[in-house]
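>>> Provided below are the primary sequence and the corresponding predicted coordinates.
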Amino acid sequence: MLSRFTEPEYRHPLDANAMLLRVTQGCTWNRCVYCYVSKEYRFACVTPEEMEEQLENKSRQGIYPENTKIWMVGSNPLVLPTDRLLGYIGQIRRYFPDFSEIAMQTRVTDVCKKTLEELQALREAGIRELFLGVESGDEEILKMLNKGASAQTALEQMLRLNEAGIDIVPMYMVGGGGAGTGERNAIATARLFNQVRSRMISTTGLTVFPNTPLWEMRACGEFTEAPEAEKVRELLIFVRHLEADTLLFCGHYLNPVHFAANMPRDKEKIVAGLERFLAENSPEDIEHMVNRREMHSL
């Protein structure tokens, strides 16, 4: 089934029980300097026949109860024409009429290409949650990462998603600016996220992987990775400045520390915990505990 799609399937850690449906592989942008995930995969999307094949297979398995969440697999399926996405959803409803919602990962620029009416139609059809690769609220850091979208554009599109009624999960890359930029990155990103409604904010820690432009930038001295203690301090500053009513999820294994917190209720507890962690552990100890050199996947 779907033998031409060879990119590994992935979803957010909290969606381990979601039904995974391949929609795309590769990325239409594929130029972020830190990302290796889609580098070797030409962008492709499933045909209606391939979607039907997946759904028949999932239905035969008989393991998905009513109100199952569905994850549309791919770096940015929202880039597809709205009619195609609605067609996929129509196929899904024939097999799983009572699914709870559809989630996917996407780029800020993909949202730009949808009218408000299209976003509302997709929401009405079942797309209720978008994991948005914002990464930072600092314009210079976004340019360095070659994200292809500014913080201002990200703000405008998140506000449009709020208006359309689609829940957003903005992604924040701790340490994304490299050594010496942590405080700036934290404050700018918190200020950005404070201006929108988000179901959850999900963080990762910048990791420099082989075969990426960032690996070469580090090798030639154009980029200096932030030490892990600095990344923890950056996360602490972010929490101090975050005022949004949201779930802050720092459970992805690329994070330098791991926790989940309901904000702002848990703010003081998380701040105290991060301060204590930094006070009780040396930078060398934190470097050893995180052991980022041995991380092999996003």
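Yep, it's here. Numbers count the residues shown, from 1 in each chain.
>>> contacts and neighbour counts: CA atoms only from here.
Noted.
>>> low-confidence ranges, the stretch 1-150 of the chain, go.
1 (pLDDT under 70).
>>> show me where it has strands.
19-22, 24-25, 44-45, 69-73, 101-106, 127-135 (DSSP state E, counting those that start in this stretch).
>>> how about TSV for the ones you listed, with distance to C32 added?
Below are the strands of the stretch 1-150 of the chain laid out as TSV (distance: least, Cα to Cα, whole Å):
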stretch	distance to C32
strand 19-22	22
strand 24-25	16
strand 44-45	19
strand 69-73	19
strand 101-106	14
strand 127-135	11
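>>> distance to E156 and mean neighbour count added to the ones you listed, as a markdown table?
Converted to a markdown table, the strands of the stretch 1-150 of the chain look like this (distance: least, Cα to Cα, whole Å; neighbours: other Cα atoms under 10 Å):
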| stretch | distance to E156 | mean neighbour count |
| --- | --- | --- |
| strand 19-22 | 29 | 20 |
| strand 24-25 | 26 | 24 |
| strand 44-45 | 27 | 16 |
| strand 69-73 | 24 | 23 |
| strand 101-106 | 15 | 21 |
| strand 127-135 | 12 | 24 |
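>>> out of those, which gets nearest to V37?
Closest approach to V37 among these is made by strand 24-25 (10.0 Å; Cα to Cα).
>>> roughly how far is the closest one from the heart of the chain?
Offset of strand 24-25 from its chain centre (Cα atoms, centre = their mean, to the nearest Å): 16 Å.
>>> quick check: neighbours of it in the sheet, parallel or antiparallel?
strand 44-45 (antiparallel) (DSSP bridges).
>>> which residues touch the strand it pairs with?
V23, T24, Q25, G26 (Cα atoms under 8 Å, 6 or more residues apart in numbering).
>>> related to what we said a few turns ago, between the strands of the stretch 1-150 of the chain, which one is nearest to T189?
Here strand 127-135 is closest among these (Cα to Cα), at 8.2 Å.
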